[in-house]
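In: test case, fold it:
(one chain, ligands or ions: 1)
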Amino acid sequence: MSESTKYIIITGGVISGVGKGVTSASIWKILKWYGYKVTSVKIDPYINYDAGTMRPTEHWEVWVTSDWWEIDQDLWNYERFLEVSIPRTNNMTTGQVYKTVIDKERKGEYLGKTVQLIPHVTGEIQRRILEAGKWFDFCIVEVWWVVWDYENIPFLFAIKALEHKIGRENIINMLVSYLPVPNHTKEMKTKPTQQSIKALTESSGIIPDFIVCRSPYPMDEVRKSKIVTYANIPIEHVISAPDANTIYEIPLVLLEEKLWEKILKKFGMEKKEDYNKAELQKLVNNVINPEKETTIAIVCKYLKEGDNMMTDAYISVSESLIHAWANLNAKVNIKWVDAKDIENRWAKDILEWVDGILVPGGFGSSGIEGKIEAITYARENNIPFLGICLWMQLALVEYARNKCDMQWANSIEIDKKTPFPIINIIDSQKEILESGDMWGTMRLGTYWAILKESKTLDLYKNSESRYKRDYERMKEIKADVNEDYRLWIMSKDDNVVLERHRHRYEVNPKYIKDLEGCGMVFAGYHVRKDGTKLMEFIELPEHKFFHATQAHPEFKSNIHTPSPLFYNFVKAGLK
Ligand code: GLN
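Out: Numbering: from 1, shown residues only. Take a look at the predicted model:
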């Protein structure tokens, strides 16, 4: 444990989705501006070991870290706001904690002891928090949902006990709460927040030092005083966080409230460097007052939860479009299209007015033919097209069927009996798949790809900073290669890009020549240790913009450095 690490514990009040993640990421951003080294831990009290097996309409997007971990989408907040790579150790679930404790018990590490929730489980929670915070000036710990959720009890107990272990002076407790304004009274209500303070204090003994109040508009002094009376904290520690035009404005909103100066003061610290908010301010202004606009259709399948239309299963994709918007100063109107609707109607009826068609990743066969139709429509009508993961696979299926005379071509994920399995499972994965270990067959996390001279290479090269940084990071990355092999790759080709992956099936090498013969360009590939080449990028050079990748570039995009593929896709669609 670093003697000096300071912990900021973020809990939530009143409702879930109140903005803990964005608040935490904003705190990180400004402390970093002030010259400090910051990290964070997200606590997810569900039993799942990771977020990989959860249905997108239940838990929304599964996000992937660089180090091969399927994780809760909230962690991406940090990467969206900051140019950092969040490691897998920054996420803990109840499943992970219990598994560690049970494994230790089986190995006899607690020999003679009765293994209990307290102190063994809570001890493991503390160990993980302290381990993540090691070497950093600040560690932000975000506890999911709201303070009275039963599943949070062991975590809040462990956090309370940390106060004793590392000293109360090294911890700030921050409750992020919500002040609703009911339609019929038009009055901003503090009672639900008062209840949350009570629940937090009574259930765990944690006393909030700061209360960040999310609300539709700024709080007045009367509301702040009500919270002060209830929570017994100085009025400067009640922070007004009204709804912003965009989440990227929140650091600027909280800057107005001088939250960071107050945090540093509470810890008895000073800022090390002066911040410069000009760049963020400019990007936020572009989002609020864009000069141009464009309309992009996202054709996908996880759009409904009951009667609610929810788009969070594709949050990285829609945020990546906002990153392009901020940097191009061009508003992106998103038209959400359920792929099944295209199966029942003409693609033209639904897609005629859009400036670009984006098809994000997915699993299984539902809505597939609709998506293939959308691809044909984009290809034949010279409409900018960006296909991600499954949609690179299907763009090849579409091309094989319609341009290479391979009727009934398909991916074996969708049609096991297809005469042209354009997309297949590679041999080494077959055995694992047969053994029933679905997770073991997933290609997860960061993989490098070599780009040939191509339009795709130009897109990456032209986004200078990102491209160069990737190449630099290549020297450090612990990819699935040994040292000699890594050096070999690097000596061979400078045009290496790194993107994250989450998929199982691959382009079948048997059909590459045929597809190339019909005009398809394979612009980039990864090479496995055994020499197998895995196709990563495709393009149609004659088309206005027709690109697809096996990777998920949306997992790496952020407000300061948008993904080159998303950026140029939006640009191609501008009128
Ligand atoms: N289902 C496809 C595969 O497993 C693509 C996955 C995805 O789009 N993330 O290969």
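In: show me where pLDDT drops low in the stretch 201-350 of the chain?
Out: 305, 307, 309 (pLDDT under 70).
In: for the helix or strand where Val222 lies, name the packing helices and strands.
Out: In this structure, Val222 is located in helix 221-231 according to DSSP states H and E. With contacts taken as 3 or more Cβ pairs under 8 Å, 6 or more residues apart in numbering; DSSP states H and E, helix 221-231 sits against helix 191-204, strand 210-215, strand 238-242. Heads up, the C-betas are built off the backbone N, CA and C, glycines and all.
In: tabulate these (CSV), appending mean neighbour count and distance to the ligand.
Out: Converted to CSV, the helices and strands packed on helix 221-231 look like this (neighbours: other Cβ atoms under 10 Å; distance: least, Cβ to the nearest ligand atom, whole Å):
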stretch, mean neighbour count, distance to the ligand
helix 191-204, 18, 37
strand 210-215, 24, 33
strand 238-242, 21, 34
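In: columns distance to Phe546 on top of those, output as a markdown table?
Out: A markdown table is the format used below for the helices and strands packed on helix 221-231 (distance: least, Cβ to Cβ, whole Å):
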| stretch | distance to Phe546 |
| --- | --- |
| helix 191-204 | 50 |
| strand 210-215 | 42 |
| strand 238-242 | 42 |
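In: nearest to Ile43, out of these?
Out: Of all the helices and strands packed on helix 221-231, helix 191-204 sits nearest to Ile43, with 13.1 Å by Cβ to Cβ.
In: off-centre distance for the closest one?
Out: 30 Å (Cα atoms, centre = their mean, to the nearest Å).
In: next one: stretch 353-370
Out: 20 Å.
In: next: stretch 198-207.
Out: Taking mean C-alpha positions (Cα atoms, centre = their mean), stretch 198-207 and its chain are 31 Å apart.
In: number of nearby residues for Ala161?
Out: 18 (other Cβ atoms under 10 Å).
In: helix/strand/coil for it?
Out: Following DSSP: H, G, I helix; E, B strand; the rest coil, Ala161 is assigned to helix.
In: so who does it touch?
Out: By Cβ atoms under 8 Å, 6 or more residues apart in numbering, Ala161 lies in contact with Thr122, Gln126.
In: number of residues surrounding the residue of the stretch 151-300 of the chain found nearest the ligand?
Out: Relative to the ligand, the nearest point of the stretch 151-300 of the chain is Cys300 (10.6 Å; Cβ to the nearest ligand atom). Using other Cβ under 10 Å, Cys300 has 23 neighbouring residues.
In: now it, what are its backbone angles?
Out: Per-residue torsions, Cys300: phi -150, psi -170 (degrees, to the nearest 10).
In: who's in contact with it?
Out: Per Cβ under 8 Å, 6+ apart, neighbours of Cys300: Ala313, Tyr314, Trp336, Val337, Asp338, Ala339, Val359, Pro360, Gly362, Gly367.
In: roughly how far does Ala548 sit from Gly573?
Out: 16 Å (Cβ to Cβ, to the nearest Å).
In: that should have said Glu131, apologies.
Out: 45 Å.
In: now do Glu542
Out: 18 Å.
In: same check, this time on Asn285
Out: 22 Å.
In: so those two - more neighbours on which side?
Out: Gly573 (25 against 14).
In: ok, now which ones touch the more buried one?
Out: Here Gly573 is in contact with Thr294, Thr295, Ile296, Asp355, Gly356, Pro384, Phe545 (Cβ under 8 Å, 6+ apart).
In: who wins on neighbours among these?
Out: Most surrounded of the contacts of Gly573: other Cβ under 10 Å gives Gly356, at 26 neighbours.
In: for it, give the beta-bridge partners.
Out: Ile296 (DSSP bridges).
In: tell me if I'm right that it and Asn568 touch.
Out: No: using Cβ atoms under 8 Å, Gly356 is not in contact with Asn568; the gap is 10.6 Å.
In: what does the stretch 1-150 of the chain put close to the ligand?
Out: Where proximity means Cβ under 6 Å from any ligand atom, the stretch 1-150 of the chain presents no interface facing the ligand.
In: strands along the stretch 1-150 of the chain, start to end?
Out: Here the stretch 1-150 of the chain has its strands, by DSSP state E, counting those that start in this stretch, at 6-12, 38-44, 62-64, 70-72, 91-93, 138-143.
In: now mean pLDDT and mean neighbour count too, for those, in a markdown table please.
Out: Shown next, in a markdown table, are these (pLDDT from 0 to 100; neighbours: other Cβ atoms under 10 Å):
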| stretch | mean pLDDT | mean neighbour count |
| --- | --- | --- |
| strand 6-12 | 94 | 25 |
| strand 38-44 | 89 | 25 |
| strand 62-64 | 77 | 24 |
| strand 70-72 | 74 | 22 |
| strand 91-93 | 90 | 23 |
| strand 138-143 | 92 | 26 |
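In: just to revisit the earlier point, so which of the contacts of Cys300 sit within strands?
Out: When these are checked against strands (DSSP state E), the matches are Trp336, Val337, Asp338, Val359.
In: quick one, helices of the stretch 301-450 of the chain?
Out: Along the stretch 301-450 of the chain, the stretches classed as helices by DSSP state H, counting those that start in this stretch are 315-328, 339-344, 347-351, 368-380, 390-403, 427-434.
In: nearest to Pro562, out of the ones you listed?
Out: helix 315-328 (3.8 Å).
In: on that earlier part again, the residue of the stretch 151-300 of the chain closest to the ligand bridge partners, please.
Out: Under the criterion used (DSSP bridges), Cys300 bridges to Asp338.
In: any idea how far it is from Pro360?
Out: For Cys300 relative to Pro360 (Cβ to Cβ), the value is 5 Å.
In: still on that earlier bit, now the contacts of Cys300: which count as buried?
Out: Ala313, Tyr314, Val337, Asp338, Ala339, Val359, Pro360, Gly362, Gly367 (16 or more other Cβ atoms under 10 Å).
In: ok, the last one touching Asp338?
Out: Yes: at 7.3 Å, Gly367 and Asp338 qualify as touching, with contact defined as Cβ under 8 Å.
In: quick one: common contacting residues for those two?
Out: Contacts common to Gly367 and Asp338, judged by Cβ under 8 Å, 6+ apart, are Cys300, Lys301.
In: could you give the number of residues near the residue lying closest to Tyr377 once chain neighbours are set aside?
Out: Closest residue to Tyr377 apart from its sequence neighbours, by Cβ to Cβ, 6 or more residues apart in numbering: Ala347 at 4.0 Å. By other Cβ under 10 Å, the residues close to Ala347 number 25.
In: Ala347: what's it in contact with?
Out: Gly370, Glu373, Ala374, Thr376, Tyr377.
In: against Asn495, how distant is Thr294?
Out: 29 Å.
In: swap in Ile239?
Out: 47 Å.
In: then Glu169?
Out: Applying Cβ to Cβ to Glu169 and Asn495 gives a distance of 51 Å.
In: so between these two, which is more surrounded?
Out: Asn495 (18 against 11).
In: low-confidence stretches in the stretch 401-550 of the chain?
Out: 432-440, 464-494.
In: show me what from it comes close to the ligand.
Out: So far as Cβ under 6 Å from any ligand atom goes, the stretch 401-550 of the chain lies against the ligand at Glu413, Arg502, His503, Arg504, Tyr505.
In: dump these into TSV; add neighbour count and secondary structure as well.
Out: Converted to TSV, these look like this (neighbours: other Cβ atoms under 10 Å; DSSP: H, G, I helix; E, B strand; the rest coil):
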residue	neighbour count	secondary structure
Glu413	19	coil
Arg502	20	strand
His503	21	strand
Arg504	19	coil
Tyr505	23	coil
